[in-house]
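A.B. asks: I'll drop the sequence and a predicted model, then ask my questions.
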Amino acid sequence: MKLLLHTCCAPCSVYCIKSLRNEKIEPTVYWFNPNIHPYVEYKARRDTLKNYTQSIGVNAIFDENYGLREFCKNVVDDLENRCIKYCYRVRLEQTAQYAKENGYDTFSTTLLISPYQNHEALKRIGEEMADKYGLTFLYRDFRPGFKEGQDEARKLGLYMQKYCGCVFSEENRNFDHIKNDKVESVKSNCIIEKKIRLGWDVPNLELKPYKNGNQEEIKFIYNLRKKVCQKYIEKIYGEWNEENQKKLFNKFMKENLKNIELIYLEDELVGFYNGKTKDNKSFEIGNICIMPELQNKGIGTAVLKEIVFENKEKDIVLNCFKEDSTIGAYEKMGFKKTLETKIYYILKKTIK
C-alpha cells in the first residue's frame, strides 16, 4: 500500500499518523486546504505541519494554493452546506487526483479524527473519489483517538487553531447573533456528538436528563441505588433501614432535580449519576450507578470520559465507595484519592 494522507492540520495528524504506523502503514502527508483563511491562519497551520512532519520523519507534500477567492465564489450561494458541497469535496478530489498522478494507490484524510465533522459525508465522498480515480479510499474511524491526539499536540507545543478553517466558521465562533440564530441546530449537533463520543467505548450508549416527577424514573433510581449501595451500607452500619433510606432518598432527589443524568443502553434505562458544577472551578459527581449485571463492561468508564470531556476546563471530583471495583479504572484515567470518609474515597482529576 502506498498511502497519501490528506492532512488538515498538525494536531489532527498526531494520532492519525501514530495509528497508521501501528498498522505498519507509512503515510505521505498531503497538505491541500484552500478553505483556511485568513492567510496568517493558513500560514500558521501550514508551517506548524511542516515542522511537525520533519520532527517525526514523515514525508510531506505541500500544495501552496491559498484559494480564498475560489472558495468564496463556490460557497457564497449556500453557506450552510459549504462543508459537504465544497470543503470536503474539493480537498478529497484534489488528494485523489494527486495520488493517481503520482503513483499512490490509496488515500485517506485526517478529517476522519474530528467528532465535529460529518463523518458519513467524508466516507461517502472519499469512496466516490476513489471510484472516479481508480484508487482505494482507506476509511478509518480515528475519533476514539481525538482527545489523545489533541493532548499530545498541546504537550508538543503545536499551534492549536480556534476554529474549523474558513472565514465563515471564524465568524460563527465570534458573533453571538449568528450563534443565537443557530441555537437549536447547535443543541442537536451537541447531542449527536455526545452519542458519537459515548459510542467510541460502548455502542448505543446515551445520556438523558432526568424528567422531574417521572414516577417510573424515580422508582428505577431508588431501586438501583438500593441494589448498588445496600451491601456497602450494611457492611458499615450493620443494616439497611428502609424507612431512613427512603427519607435520605427523598432529600437526595429534592437537592439534585437538575443534576441527575440517566444512562441508557440500546434505549433501555441501565443507570444514573448526579453531578454539578461548584464555584465554576470543579465538577462534582456522586456515585455513577450501573445495574449490577452490566457492571465491569466499560459503561461507567465511558460515562466518566464524557463528563471529563464536557468539563475539560474544570477539576473533576468523584465520590466512590471504598470497596468499589472500578477505583482502579478511574485511577488509570488520572483520578487520585484526595480524601477519605467512613464510606467513600474522594477522587480528583486536576486540569493541567
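C.D. replies: Great, that's in hand. Numbers count the residues shown, from 1 in each chain.

A.B. asks: For the stretch 251-352 of the chain, just list every one of the strands.
C.D. replies: Applying DSSP state E, counting those that start in this stretch to the stretch 251-352 of the chain gives strands spanning 260-265, 268-278, 282-285, 289-290, 315-321, 336-340, 344-349.

A.B. asks: Tell me which of those strands sits nearest to L122.
C.D. replies: Smallest distance to L122 across those (Cβ to Cβ): 27.6 Å, for strand 260-265. All C-beta atoms are positioned from the backbone trio N, CA, C, and that covers glycine.

A.B. asks: what's the offset of that closest one from the middle of its chain?
C.D. replies: 18 Å (Cα atoms, centre = their mean, to the nearest Å).

A.B. asks: Just checking: what are the partner strands of it?
C.D. replies: strand 205-209 (antiparallel), strand 268-278 (antiparallel) (DSSP bridges).

A.B. asks: Take the ones you listed and lay them out in JSON lines including distance to F321, mean neighbour count and mean pLDDT.
C.D. replies: Shown next, in JSON lines, are these (distance: least, Cβ to Cβ, whole Å; neighbours: other Cβ atoms under 10 Å; pLDDT from 0 to 100):
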{"stretch": "strand 205-209", "distance to F321": "22", "mean neighbour count": "17", "mean pLDDT": "85"}
{"stretch": "strand 268-278", "distance to F321": "14", "mean neighbour count": "18", "mean pLDDT": "90"}
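
A.B. asks: okay, the ones you listed in TSV with distance to E284 next?
C.D. replies: Converted to TSV, the strands paired with strand 260-265 look like this (distance: least, Cβ to Cβ, whole Å):
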stretch	distance to E284
strand 205-209	17
strand 268-278	5
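
A.B. asks: Which stretch among the strands of the stretch 251-352 of the chain is buried most, on average?
C.D. replies: Ranked by mean neighbour count, the strands of the stretch 251-352 of the chain are led by strand 289-290 with a mean of 22 (mean count of other Cβ atoms under 10 Å).

A.B. asks: For it, what does the pLDDT average out to?
C.D. replies: Average pLDDT, strand 289-290: 91.

A.B. asks: on contacts alone, who are the packing partners of it?
C.D. replies: helix 215-237, strand 268-278 (3 or more Cβ pairs under 8 Å, 6 or more residues apart in numbering; DSSP states H and E).

A.B. asks: That concludes my questions; thank you for your assistance.
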